[in-house]
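Participant: structural data only, the sequence is not supplied:
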């Protein structure tokens, strides 16, 4: 990477070159001691100066500045290992910004074929291919020089960890798949339109300007982002080790017993068909923001986002219950998003590669598809465990504890922990069997917020329709009054002031809204 001092000197040199070239292009007298423009064809010299001098100055300064910019970017690329031939070709094709990105992101040059990599690292070609695929990259052509010194170092690090006995090769290949897929998502997020505006010159389609901006920011951005990735990784490793050790000490068995939840946004498919790409991106981003904020703030963990659905886990049923209710409430109050339906289940789960598997996960997914918008459904095991957890001393309760924790309500005899449960009729699910489900909501709150929210929306719509009807009637009366007035006066002054009735229309009244069309939701749970 180019040091800050080198970049400053380079930019100062570029500015100096631009000023000097601009003075030369403008004609500062160095080539014409008299300082005057030669008179030709009888044209007045002063007039020629007035008409062309400003344009010539601007064009000359612009050309000089661009030449200095090319020189600056060229120096940067040469310092980062690009050849003069690569730079010239990229400049001709308008791809200088891409070349700068390549050299900054992956500074090591591609110089090895897979056979040469195998020879240097002593790793068989087929095993090296498996490692490469696990990281998410396609097989290279046999004679293609795809690999760099960084790839050699990565393979050697893998081999050294296997030799230390940290794990076998198959385990590391599986870990490589997780790392590869996670890093691919991070990379996609980094080159999203909002992030690209940071690196590239906003609003500029010029490859040279974009290359210069990227080169200027890269020295500062990439090292810091790498440090942040390492920091986040270390924090998550620490948290994962603590969870694993705690489960082992408590003797919970080979498979941890966790609360698993799904929250699904209702009507997303229909909504997405009526939004532009930009509007859809805003909705998806808002959905993700709310889900992550709610789940993590209440001691849960987001497992994955699946389009319009979020899967999460929590160590306690109390935390999971509070997460489920808070999600339903937050989305219900959000004017941009539609309601969510939530399902919670409890049981042993298989944790592998950052994901969760097992019958409990499948059950929670099946139940969420049965829930009504705005509701939270829980399984019988979850319900029993939550009641038991709420009966324990307050010091061991979760984030929604009755001692005044986040989002909690005081426990009562009929509403332990501030929660109310309504038993639903047992259901028979294919491949699962007969299940007992419960509807969970807060004491003092109606169980189905969707109807309340829908009612408020119909009220707002009724107000709008009433105003539109009022305007329509006023317009009609103005037109009719104008026509009558014109007919009486024998003129065609339709809409003359004396033809309208103005204020105080007869027959005004509220729009008859009735109950509105029924919501298209799943059958009641």
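Facilitator: Structure received. The structure presented is a predicted model; accordingly, all values stated were derived computationally and were not measured. Residues are numbered from 1 along each chain as shown.
Participant: where does the stretch 251-400 of the chain dip in pLDDT?
Facilitator: The model of the stretch 251-400 of the chain has pLDDT under 70 over residues 251-253, 394-400.
Participant: now with 90?
Facilitator: Residue ranges of the stretch 251-400 of the chain with pLDDT under 90: 251-256, 267-285, 306-308, 333-338, 351-354, 391-400.
Participant: now do the helices in it.
Facilitator: 268-272, 277-297, 317-333, 359-368, 380-390 (DSSP state H, counting those that start in this stretch).
Participant: and the third one, what's buried?
Facilitator: Residues of helix 317-333 classed as buried by neighbour count (16 or more other CB atoms under 10 Å): 317-329, 331-332. Just so you know, the C-beta spots here come from the backbone N, C-alpha and C atoms, and that holds for glycine as well.
Participant: ditto for the longest one
Facilitator: For helix 277-297, burial by neighbour count (16+ other CB under 10 Å) applies to 283-284, 287, 290-291, 294-295.
Participant: and the contacts of that helix?
Facilitator: 263, 265, 271-272, 275, 301-302, 305, 308, 310, 312, 323, 326-327, 330-331, 334, 336-337, 406 (CB atoms under 8 Å, 6 or more residues apart in numbering).
Participant: ok, the first one next?
Facilitator: Applying CB under 8 Å, 6+ apart, the set of residues contacting helix 268-272 from outside is 280, 283, 307-308, 338.
Participant: please identify which of the buried residues of helix 317-333 is nearest to residue 74.
Facilitator: Nearest to residue 74 among these is residue 331, at 52.8 Å by CB to CB.
Participant: list the contacts for the closest one?
Facilitator: 263, 265, 290, 337-340.
Participant: among the residues you listed, who's most crowded?
Facilitator: residue 340 (32 neighbours; other CB atoms under 10 Å).
Participant: residue contacts, it?
Facilitator: With the criterion set at CB under 8 Å, 6+ apart, residue 340 makes contact with 263-266, 327-328, 331, 373-374.
Participant: can you redo the residues you listed as TSV with distance to residue 471?
Facilitator: As requested, the contacts of residue 340 are exported to TSV (distance: CB to CB, whole Å):
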residue	distance to residue 471
263	41
264	40
265	35
266	33
327	40
328	38
331	34
373	33
374	34
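Participant: wait, which of these is closest to residue 192?
Facilitator: Looking across the contacts of residue 340 and measuring by CB to CB, the closest to residue 192 is residue 265, at 21.0 Å.
Participant: which non-adjacent residue is nearest the closest one?
Facilitator: Once flanking residues are discounted, residue 265 sits nearest to residue 308: 4.2 Å by CB to CB, 6 or more residues apart in numbering.
Participant: now residue 256. Nearest residue, chain neighbours left out?
Facilitator: residue 247 (5.0 Å).
Participant: ok, longest helix in this protein?
Facilitator: In the chain, assigned by DSSP state H, the helix with the most residues is helix 207-250.
Participant: who does that helix touch, helix- and strand-wise?
Facilitator: For helix 207-250, the packing partners by 3 or more CB pairs under 8 Å, 6 or more residues apart in numbering; DSSP states H and E come out as helix 4-26, helix 45-79, helix 96-105, helix 193-199.
Participant: hmm, back to that, neighbours of the residue nearest to residue 265, how many?
Facilitator: For residue 308, using other CB under 10 Å, the count is 20.
Participant: my guess is it contacts residue 263, does it?
Facilitator: No - between residue 308 and residue 263 there is no contact under CB atoms under 8 Å: 9.5 Å.
Participant: give me the number of residues near the residue nearest to residue 256?
Facilitator: Around residue 247 there are 18 residues (other CB under 10 Å).
Participant: check the burial of residue 148 by counting its neighbours.
Facilitator: 17.
Participant: let me see the contact set for it.
Facilitator: 106, 108-112.
Participant: contact partners for residue 317?
Facilitator: 259, 344, 346, 382, 385-386, 389, 398.
Participant: contact partners for the closest residue to it other than its chain neighbours?
Facilitator: Leaving aside its chain neighbours, residue 317 sits nearest to residue 386 (4.1 Å; criterion: CB to CB, 6+ apart). Going by CB under 8 Å, 6+ apart, residue 386 touches 317-318, 321, 378, 417, 419.
Participant: distance check, residue 386 against residue 378.
Facilitator: According to CB to CB, to the nearest Å, residue 386 and residue 378 sit 7 Å apart.
Participant: pull up the overlap in contacts between the two.
Facilitator: Joint contacts of residue 386 and residue 378 (CB under 8 Å, 6+ apart) are residue 321.
Participant: backbone dihedrals for residue 191, please?
Facilitator: Note on residue 191: backbone dihedrals following degrees, to the nearest 10 are phi -100, psi 20.
Participant: now do residue 421
Facilitator: phi -120, psi 140.
Participant: which ones are touching it?
Facilitator: With CB under 8 Å, 6+ apart, residue 421 has these contacts: 378, 383, 438-440.
Participant: switch to 10 Å and redo it
Facilitator: Counting by CB atoms under 10 Å, 6 or more residues apart in numbering, residue 421 makes contact with 378, 383, 386-387, 415, 438-441, 447.
Participant: circling back to that earlier point, out of the contacts of residue 331, name the ones that lie in strands.
Facilitator: 263, 265, 340 (DSSP state E).
Participant: could you dump those residues into a markdown table and include distance to residue 483?
Facilitator: Output for the ones in strands among the contacts of residue 331, formatted as a markdown table (distance: CB to CB, whole Å):
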| residue | distance to residue 483 |
| --- | --- |
| 263 | 59 |
| 265 | 52 |
| 340 | 54 |
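Participant: and of those residues, the nearest to residue 88?
Facilitator: residue 265 (51.7 Å).
Participant: distance of the closest one relative to residue 373?
Facilitator: Distance, residue 265 to residue 373, using CB to CB: 9 Å.
Participant: any shared contact partners between the two?
Facilitator: Common neighbours of residue 265 and residue 373 (CB under 10 Å, 6+ apart) are 331, 338-341.
Participant: dump these into a markdown table; add distance to residue 149 as well.
Facilitator: Shown next, in a markdown table, are those (distance: CB to CB, whole Å):
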| residue | distance to residue 149 |
| --- | --- |
| 331 | 50 |
| 338 | 51 |
| 339 | 54 |
| 340 | 49 |
| 341 | 52 |
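Participant: secondary structure class for the closest residue to residue 354 other than its chain neighbours?
Facilitator: Distances taken as CB to CB, 6+ apart place residue 178 nearest to residue 354, at 5.8 Å, with adjacent residues excluded. Using DSSP: H, G, I helix; E, B strand; the rest coil, the secondary structure recorded for residue 178 is helix.
Participant: residue 178 against residue 185, yeah?
Facilitator: No - here residue 178 lies out of contact with residue 185, judged by CB atoms under 10 Å, at a distance of 11.2 Å.
Participant: more neighbours, these two?
Facilitator: Between residue 178 and residue 185, counted using other CB under 10 Å, the more crowded position is residue 178 (14 against 10).
Participant: what helix or strand does residue 116 sit in?
Facilitator: Using DSSP states H and E, residue 116 sits in helix 114-121.
Participant: can you list contacts of that helix?
Facilitator: Everything outside helix 114-121 that qualifies as a contact, by CB under 10 Å, 6+ apart, is 112-113, 123-129, 132, 139-149, 151-156, 158-159.
Participant: now stretch 242-252
Facilitator: By CB under 10 Å, 6+ apart, stretch 242-252 touches 253-258, 301, 315, 348, 351.
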